[in-house]
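Undergrad: Got a sequence here, can you model it:
(one chain, ligands or ions: 2)
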Amino acid sequence: MLDIKNLVIRYGPFLAVDDVSLHVKPNEIVGLIGPNGAGKSSIVRAIGGLVRPSQGEVKFLDRTITDVPSHALIQLGLSIVPEGRGLFPQMSVEENLLMGAYSLALPERRRDLMDRCYQLFPILKDRRHQIAGTMSGGQQQMLAVSVGLMGDPKFCIFDEPSLGLAPIVIQQIGETLQAMRKLDLAVLLIEQNAKLASTVADRIYVLSAGRIEYHDTPAKLAANPEVLEKFLSA
Ligand SMILES: Nc1ncnc2c1ncn2[C@@H]1O[C@H](COP(=O)(O)OP(=O)(O)OP(=O)(O)O)[C@@H](O)[C@H]1O
Ligand SMILES: [Mg+2]
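TA: Ligands and ions are numbered 1, 2, ... in the order given. A predicted model of the protein is given here:
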């Protein structure tokens, strides 16, 4: 579904992403984990057409997407929930959700999609008239995930949904990602939190200093603690 081949990203002379290849199949949840500055968000920006790779290709459903602007990707079925959430803080929960559905071919589907989000995160239904910027970090992250789902994607990328959240909220986000397995959706979950990624992902890629250093199932990764120690210990 998503195929990244030999991706290289440079910022001037600085090599941020060094020959990265990875793929995600339909209905798969794949984790991409790595420490601060490993190049995770740079890969997301290349997928979203926000940085131009120096080399390599990014294909979604067999189509090269490095020149497709972010807003057009949702029409192809790809939704990106960026690092830092990308919400409209002055708007209400429900208004934010509707912004995520602006490109729907069938506007009458909005209600169903909104109900789906409210089922995943009942707190958002209770708070649907609240101004997004006044909610807790965890609630805002739940909203960001929901806005991503409102475009009715087949594929969702979440860039560090656990960032800055309390352990109990991270656990809740993990449970919701698990629940998403029923949604006929593939997910690329970008995380520094290896534990969260390991609980939800089918496969994990470990990125360090721009390179994929390891790739296997979470079970195999757990049996290799030295990998985590080498590449993820802060
Ligand atoms: N616009 C830019 N100009 C120059 N260097 C950049 C730019 N954006 C990112 N970098 C550098 O590229 C490297 C990778 O950054 P990136 O944001 O992709 O990391 P990350 O893995 O997402 O980190 P984090 O977990 O902190 O979000 C870092 O060293 C960063 O300083
Ligand atoms: Mg990042």
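
Undergrad: Phi first, then psi, for the residue nearest the centre of the chain.
TA: The chain has Phe158 as the residue nearest its centroid, 1.4 Å off, counting by Cα atoms, centre = their mean. Main-chain torsions, Phe158, degrees, to the nearest 10: phi -110, psi 120.

Undergrad: Now do the contacts for the closest residue to it other than its chain neighbours.
TA: Nearest in space to Phe158, with sequence neighbours left out and distances taken as Cβ to Cβ, 6 or more residues apart in numbering, is Val81 at 4.8 Å. Quick note: C-beta positions are derived from backbone N, CA and C, even for glycine. The contact partners of Val81, taken as Cβ atoms under 8 Å, 6 or more residues apart in numbering, are Ala144, Val145, Val147, Gly148, Cys156, Ile157, Phe158, Asp159, Pro161.

Undergrad: how does it look with 7 Å?
TA: Ala144, Val145, Gly148, Cys156, Ile157, Phe158, Asp159 (Cβ atoms under 7 Å, 6 or more residues apart in numbering).

Undergrad: do Arg111 as well
TA: Arg111 neighbours (Cβ under 7 Å, 6+ apart): none.

Undergrad: give me phi/psi at the residue nearest to Val17 when sequence neighbours are not counted?
TA: Leaving aside its sequence neighbours, Val17 sits nearest to Ile9 (Cβ to Cβ, 6+ apart; 3.8 Å). Main-chain torsions, Ile9, degrees, to the nearest 10: phi -130, psi 130.
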